[in-house]
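> Turn this into a model:
(chains A and B)
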Amino acid sequence: MDPPLTITSAASALRAGSVSSVELVADAFARADRLDEPLGVYIARFDETALDAARTADRERAAGVDRGPLHGIPIGVKDLIATREGPTTGNSRVDYPQWRRPRDAPVVARLRAAGAVITGKVTLMEFALGIHDDEKGFPMPRNPWSPAHWPGGSSGGSGAGVPAGMFLGALGSDTGGSVRLPASYCGISGLKQTFGRVPKSDVIPAGASLDLVGPMARSAADCAAMLQVMAGHDPADPTSAREPVPDFSTRLGAHLGGMRIGVDRRNHLYGAHVQRELPRVFEAAVDELGQLGATLVEVELPHYRELVGATLITFFTEALAYHRRALREQWDAFGAGARLAMASNACFTADDYIAAQKARTVVRARVDQMFDRVDLVVSPSTSTSAPLVDGFDLAGLQATLYTIYWSGAGNPAISIPMGTDDVGLPFGLQIAGRPFDEAAVVHAADAYQRVTDWHLRAMPEELARV
Amino acid sequence: MSDAEAAVRAYLAAERFPASEEEVAALIELYPGLRSMLDGLDELAGAQDADPVVVFDASSRPRAADDS
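As a prediction, the model looks like this:
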């Protein structure tokens, strides 16, 4: 029997007794044995503790204990997030003593309490912003649809591991798009919930006023199941929201009739950086949402360029503030890309930073006004499919990312697969909603996935046979 | 020396980052693009009097990193 592709289907199979958690986890590790070298997903595998946790899940289930849809499900964790099995590296050789100490970040503890099986720590861009440096000895994550291509970042290992079957879900983190970008490039779903919805304590900061830990999995329904467990106030995180946590699954399966979906073409479909095939794929996805009953409304995201600039200044300045002392004392321990990216951010002054924060306030007010007219806004997640690993240019990439705007605004946004380019590399559809209305975002994403199968596509045969 | 080069050398010195000459050259090239991100921020209507997204909450009791 082929193993289940989604968390939702695996949970059904576990409840029906047609598969065990030990079988799911053993299958995930067998795939990692074959595919980890070409795809560069794992920094550390937790085979022994994961199989122990799977056996516990199976025993509990046999005794009538059901911890919910994540009970017995293999989950990978971006190595920016602390776990009790070992140190957190941030994909870096920089030595931060405080990150050597093993402990579970609250978000990991919540997953474990729901029965999830943590399979290991996975690769990322160094500290969520530095491109890969061959000299530092970390695996280079590659795209399961074509290993010559990048899986996206910064949560590249999380993005590559899900379609490769190395785990059914993963934790990524998102500051300017680090969940949604690899989700888009790797043909899976990745949710950036509202800022503050999920605790980020015990997660190495990138941009502290933007960072969040988000779920990545094949389907939007899977992301909703993970978010249900991850969400909720954490007193240790001063940015943690006190908003009540609703049931994110109640609207799944419902018609989209009555939902008003804004479509921003102006900021997303024009320009030299837009790949030729993208407009056709995007328009087909928009048509599908219309056929599902949504009312489509042309909108233009307010002050698009200004909010993207303000968000990047915020991200870069906050990252530099965190790593500044280490840059002085451990310059060569950083990868060449990471240290150059961070040092370049010293060009911003304190008043530049405050100007960016004032701009965020102004634009957020305009965004709120826009949401008086619509319930959701859709766009492509990026203007291109995954770039080649060789010759990759991070500075040139920024113009192709349509994820940054929603990070600065703080609204929830999901990327789900909506088709491919002419060589079979995925494109992502980004769906954004009002603050704390993740339920509407996953509702629309799930409705789209009920009539399409892009999220269930298998990766190329030749790679599956490695 | 160009304005960009002067600015980059000044901030590297202030931060005491030991960048190589090759890295300094790369930073000089990046500088205009990075500064252009500021374009238009001061011209946004209402920006001058807007509260920045920086909140000091006197009721919070933050945990220091080494307290955990």
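
> give me the low-pLDDT residue ranges for chain A?
Under the criterion pLDDT under 70, the flagged ranges of chain A are A:1.

> Give the residue farthest from the middle of it.
Taking Cα atoms, centre = their mean, the residue of chain A most remote from its mean C-alpha position is A:A63, at 34.5 Å.

> So the closest residue in space to A:S249 that isn't next to it in sequence versus chain B, what's the distance?
Leaving aside its chain neighbours, A:S249 sits nearest to A:A224 (5.4 Å; criterion: Cβ to Cβ, 6 or more residues apart in numbering or on different chains). (Glycine included, C-beta is placed from N, CA and C.) When distance is defined by Cβ to the nearest Cβ, to the nearest Å, A:A224 is 28 Å away from chain B.

> How about A:L212?
Separation of A:L212 from chain B (Cβ to the nearest Cβ) stands at 15 Å.

> got the contact list for that residue?
With contact taken as Cβ atoms under 8 Å, 6 or more residues apart in numbering or on different chains, A:L212 is in contact with A:173-175, A:192-193, A:195-198, A:200.

> do that again at 10 Å, thanks
A:L212 is in contact with A:107, A:172-175, A:178-179, A:191-200, A:203, A:230, A:239, A:407, A:410, A:412, counting by Cβ atoms under 10 Å, 6 or more residues apart in numbering or on different chains.

> now A:D104
By Cβ under 10 Å, 6+ apart, A:D104 lies in contact with A:77, A:81-85, A:110-113, A:118, A:202.

> at 6 Å instead, please
A:83-84 (Cβ atoms under 6 Å, 6 or more residues apart in numbering or on different chains).

> what's it sitting at in phi/psi?
phi -90, psi 120 (degrees, to the nearest 10).

> Helix or strand: which one has residue 11?
No chain in the question, so chain A it is. Secondary structure assigned from DSSP states H and E places A:A11 in helix A:7-16.

> should've been chain B
Here B:Y11 is covered by helix B:3-15, with elements defined by DSSP H and E.

> From A:Q275, how far out is the residue farthest from the centre of chain A?
From A:A63 across to A:Q275, the span is 53 Å (Cβ to Cβ, to the nearest Å).

> go on, A:L292?
According to Cβ to Cβ, A:L292 stands 26 Å off from A:Q275.

> Same check on A:A114?
Computed as Cβ to Cβ, the A:A114 to A:Q275 distance reads 39 Å.

> Would you quantify the distance from A:C347 to chain B?
Counting by Cβ to the nearest Cβ, the gap from A:C347 to chain B is 5 Å.

> Please name the nearest non-neighbouring residue to B:A4.
Spatial nearest neighbour of B:A4, excluding adjacent residues (Cβ to Cβ, 6+ apart): B:Y31 at 4.3 Å.

> can you tell me the helix or strand for the one you found?
Taking DSSP H and E as the criterion, B:Y31 maps to helix B:21-35.

> List the buried residues in that helix.
B:23-24, B:26-28, B:30-31, B:34 (16 or more other Cβ atoms under 10 Å in any protein chain shown).

> do stretch B:40-56 as well
Going by neighbour count (16+ other Cβ under 10 Å), the buried part of stretch B:40-56 is B:41, B:44, B:47, B:50, B:53.

> Who are the contact partners of the third one?
The neighbours of B:A47, taking Cβ under 6 Å, 6+ apart as the test, are A:358-359, A:362.

> Roughly how far does the residue nearest in space to the middle of chain A sit from chain B?
Most central in chain A under Cα atoms, centre = their mean is A:V179, positioned 2.0 Å from the mean C-alpha point. Remark: distance between A:V179 and chain B (Cβ to the nearest Cβ) = 21 Å.

> Please verify my assumption that that residue contacts A:G172.
Yes - using Cβ atoms under 6 Å, A:V179 is in contact with A:G172, at 4.1 Å.

> returning to that earlier point: let's see which of the contacts of A:L212 end up in strands.
Counted as lying in strands by DSSP state E, out of the contacts of A:L212, are A:172-174, A:191-192.

> Quick one: those as TSV, columns for distance to A:A432 and neighbour count too.
Compiled in TSV, the ones in strands among the contacts of A:L212 are given as follows (distance: Cβ to Cβ, whole Å; neighbours: other Cβ atoms under 10 Å in any protein chain shown):
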residue	distance to A:A432	neighbour count
A:G172	17	35
A:S173	18	26
A:D174	13	31
A:L191	11	33
A:K192	9	36
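
> So of the residues you listed, which two are at opposite extremes in space?
A:S173 and A:L191 (12.0 Å; Cβ to Cβ).

> Enumerate every residue touching A:F127.
Taking Cβ under 6 Å, 6+ apart as the criterion, A:F127 is in contact with A:90, A:92.
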